[in-house]
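> Provide a 3D model corresponding to the input given below.
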Amino acid sequence: MANLSGFVKRLRDIMRNDAGINGDAQRIEQIAWMLFLKVYDAKEQDWEWDDENYVSIIPAECRWANWAHDDHSGKAMTGDTLLDFVNNTLFPTLKKLPVDASTPVKKAIVQTTFADANNYMKDGVLLRQVINVIDELDLSDYEESHAFGEIYESILKELQSAGSAGEFYTPRAVTDFMAQRIDPKIGEHMADFACGTGGFLTSWLKELKKKVNTTEDESAYSHSIYGIEKKQFPYMLCITNMLLHDLDVPQVFHDNSLLRDVLDYTKDDQFDVVLMNPPYGGSEKAEVKNHFPADLASSETADLFMSVIMYRLKENGRAAVILPDGFLFGTDNAKINIKKKLLSEFNLHTVIRMPGSVFSPYTSITTNILFFDRTGPTTETWFYRLDMPEGYKHFSKTKPMKLEHFDPVVEWWNDRKPLNVDGYDKARCFSVEELSDELGYNLDQCGFPHEEEEILAPLDLIQRYQEERASLNAEIDRVLAEITEKLGGIKL
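Purely as a prediction, here's the structure:
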């Protein structure tokens, strides 16, 4: 196990010399498909042990143990032979595996995982070296397998600084805090409709695992999650993550949650718990809006996901969702209607305002956690501003947010009191009438006092400007409509 500590560094050092690898994102993607095959191979050995009739969906020559494992007899493929095999046999075979509706999930995931995967390496000798490092992992050893789960977490963390790939990674402190507040119960089903690399799924499993006592509990635990991820690369990372967490049949699907009419969802499509950080600032094809009622059809992905969540949360279900400031202060029609639906049909009991730079360096936009349940309409909502911890100016790759930074929220959570610091509300309860009638559904309460000018990255600045402009336009339209009505309408 000693070699695990330098695992990622060893791989990075070898791949640095390969002309085909261009930057961190490609390097991690390259590691990802090999790790998946290694982990899947270990799983298949377990399945074969448990079921003597088990037949792999992967043809014999493409199974990891048969082409990647080096028994040091001098027969292992390397150089151009290895490169030719990977590019012209392995990838075409795995991409075209015969999969239909009757294929078991644990077999179908191989084809979906490789559907859009790539081999970037161009040097077969270096490729052999990388494969050997990965093959050294002994995933049949419980301790080593568990230790590797931690290493895998560090690989996912590296994504945060690998260009746009960071959008798939929510800091573990945040997902753990949300899962702890939601307090999973044995027998509940939890969903994340844009699950990325599986951060919320693993935080949920970690909390639920503490309550597993029987074999029935174990079975409920392993069937308790449901994830959907639109993009191929994070989907691959997520499936590997679930296999490492001993979920033999991970209910994680490569799909787009926004491509189904929300009005078509039935009780069978609903979940006890939703935990997620919807993608925001992104744009979907224009026809995506057609899957939503006209009054909820927004052009902002986070808004659309909020509608999906509301339609897919069970009666008495609970949700914790991360949303950007733009959702709280937005006054365009779709946002107002989504917030009306949220307050009238759900109980939005708590909004935690998170400090800036939680998602640094991916985005500097300030985010919030909305906690709500489907137990009836909202009567009051508590807002709590979580300030930057002492000694921190902002979070960064080397100084990320930690779970203990949420301690002030946890302390306040069970004994809620209004708090005021330097004349600004830090925690305060608002009645639903205040939020709707007096504030016009502006949920931007207990925010951060902007004593100094906020410096945002150019794209974040543009997004913030567009959101504020849309809100102002909506406000102007509303006032003009009121004036026109009082004047008895305009006669042309």
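
> all helices in the stretch 251-400 of the chain, in order from the N-terminus.
Counting by DSSP state H, counting those that start in this stretch, the stretch 251-400 of the chain has these helices, from start to end: 301-312, 325-329, 333-345.

> May I have the strands that pair with the longest strand along the chain, each with its orientation?
The strand that spans the most residues within the chain, counting by DSSP state E, is strand 313-324. In its sheet, strand 313-324 lies beside strand 271-276 (parallel), strand 367-373 (antiparallel), with partners assigned from DSSP bridges.

> can you put those strands in JSON lines and add mean neighbour count, distance to residue 429 and mean pLDDT?
Bear in mind the C-beta positions are built from the backbone N, C-alpha and C, glycine included. Supplementary listing: the strands paired with strand 313-324 in JSON lines, determined by neighbours: other Cβ atoms under 10 Å; distance: least, Cβ to Cβ, whole Å; pLDDT from 0 to 100:
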{"stretch": "strand 271-276", "mean neighbour count": "25", "distance to residue 429": "24", "mean pLDDT": "98"}
{"stretch": "strand 367-373", "mean neighbour count": "22", "distance to residue 429": "14", "mean pLDDT": "97"}
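
> Export these to CSV and append columns for distance to residue 294.
Output for the strands paired with strand 313-324, formatted as CSV (distance: least, Cβ to Cβ, whole Å):
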stretch, distance to residue 294
strand 271-276, 24
strand 367-373, 24
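
> Can you list the buried residues in stretch 253-273?
253, 254, 256, 257, 258, 262, 270, 271, 272, 273 (16 or more other Cβ atoms under 10 Å).

> so what's the second one up against?
It stands for residue 254. The neighbourhood of residue 254, defined by Cβ atoms under 8 Å, 6 or more residues apart in numbering, consists of 112, 113, 115, 229, 230, 232, 235.

> By neighbour count, which of those wins?
Top of the contacts of residue 254 by neighbour number is residue 235, holding 28 neighbours under the definition other Cβ atoms under 10 Å.

> Give the bridge partners for the residue nearest to it when sequence neighbours are not counted, please.
When the adjacent residues along the chain are set aside, residue 235 lies closest to residue 229, with 4.2 Å between them (Cβ to Cβ, 6 or more residues apart in numbering). Each beta-bridge partner of residue 229 is listed here: residue 254, as defined by DSSP bridges.

> Okay, domains of the chain per the record?
Listed by automatic domain parsing, the domain ranges of the chain are 2-141, 171-194+257-459.

> Figure out which of those domains is closest to residue 216.
Across those, the minimum distance to residue 216, taken as Cβ to Cβ, is reached by domain 171-194+257-459, at 8.4 Å.

> so where's the stretch 51-200 of the chain uncertain?
Within the stretch 51-200 of the chain, the stretches falling below the threshold (pLDDT under 70) are 159-168.

> Kindly report the same for the stretch 201-350 of the chain.
Confidence mapping of the stretch 201-350 of the chain against pLDDT under 70 gives the ranges 282-283.

> let's see 50
Counting by pLDDT under 50, the stretch 201-350 of the chain contains no low-confidence residues.

> one step back: between the longest strand of the chain and helix 333-345, how big is the angle?
140 degrees (axes from the mean of the first three to the mean of the last three Cα atoms, to 10 degrees).
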